[in-house]
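Q: Sequence and predicted structure below; questions after.
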Amino acid sequence: QVQLAESGGGLVQPGGSLRLSCAASRFTLDSYAIGWFRQPPGKEREGVSCIRNTDGRTYYADSVKGRFTISRDNAKNMVYLQMNSLKPDDTAVYYCAADAGGCDGGYDYWGQGTQVTVSS
């Protein structure tokens, strides 16, 4: 069964950093664009970032530009989201998803999510 699994979430103080990882089972991530999404408490899920597999182009939500960096390591079959200068508003469950079409919204596979809490 195809699976995505996120890891690296946790509790961090404002201004701190976390790196989230997205690992794939039974398929290779280099065939897919990978997106990161988040769902804050009581709010709808929102897109955070995406990286295309064809050319490595990256996209970011305005709220995270300059603070978050998405990257991929095809040799390890992993995608990462480096999150710096974290704010309480970044508190959410973070999900990764795989899109065969390339960051266009038609995500084929989703992970179960990892909790990120930014609080002092």
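A: Right, received. Where do you want to start?
Q: so what's residue 112 up against?
A: 5, 6, 95 (CB atoms under 8 Å, 6 or more residues apart in numbering). For the C-beta atoms, the positions are set from N, CA and C on the backbone; glycine is no exception.
Q: Who does the residue nearest the centre of the chain form a beta bridge with?
A: Centroid-nearest residue in the chain: residue 36, 2.8 Å away (criterion: CA atoms, centre = their mean). Note on residue 36: beta-bridge partners residue 49, residue 96, judged by DSSP bridges.
Q: surely it meets residue 94?
A: Yes - counting by CB atoms under 8 Å, residue 94 is a contact partner of residue 36 at 6.3 Å.
Q: what's the overlap in contacts for the two?
A: By CB under 8 Å, 6+ apart, the residues touching both residue 36 and residue 94 are 20, 48, 81.
Q: Specify the local secondary structure of the closest residue to residue 97 other than its chain neighbours.
A: Counting by CB to CB, 6 or more residues apart in numbering, residue 97 lies nearest to residue 107, which is 3.9 Å off, once chain neighbours are set aside. With DSSP: H, G, I helix; E, B strand; the rest coil as the basis, residue 107 sits in coil.
Q: what pLDDT does residue 107 get?
A: For residue 107, the model assigns a pLDDT of 91.
Q: ditto for residue 104
A: Listed pLDDT for residue 104 reads 83.
Q: which residues of this protein fall in helices?
A: Taking DSSP state H as the criterion, the chain contains no helices.
Q: so where do the strands sit in it?
A: Ranges of strands in the chain, per DSSP state E, are 3-7, 10-12, 18-25, 33-39, 46-51, 58-60, 68-73, 78-83, 92-99, 109-110, 114-118.
Q: Now the fourth one: buried residues?
A: Translated: strand 33-39. 33, 34, 35, 36, 37, 38 (16 or more other CB atoms under 10 Å).
Q: With pLDDT and distance to residue 111 added, can I get those residues in a markdown table?
A: Converted to a markdown table, the buried residues of strand 33-39 look like this (pLDDT from 0 to 100; distance: CB to CB, whole Å):
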| residue | pLDDT | distance to residue 111 |
| --- | --- | --- |
| 33 | 95 | 15 |
| 34 | 96 | 10 |
| 35 | 97 | 11 |
| 36 | 98 | 10 |
| 37 | 98 | 10 |
| 38 | 98 | 12 |
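Q: I appreciate the help and will end here.
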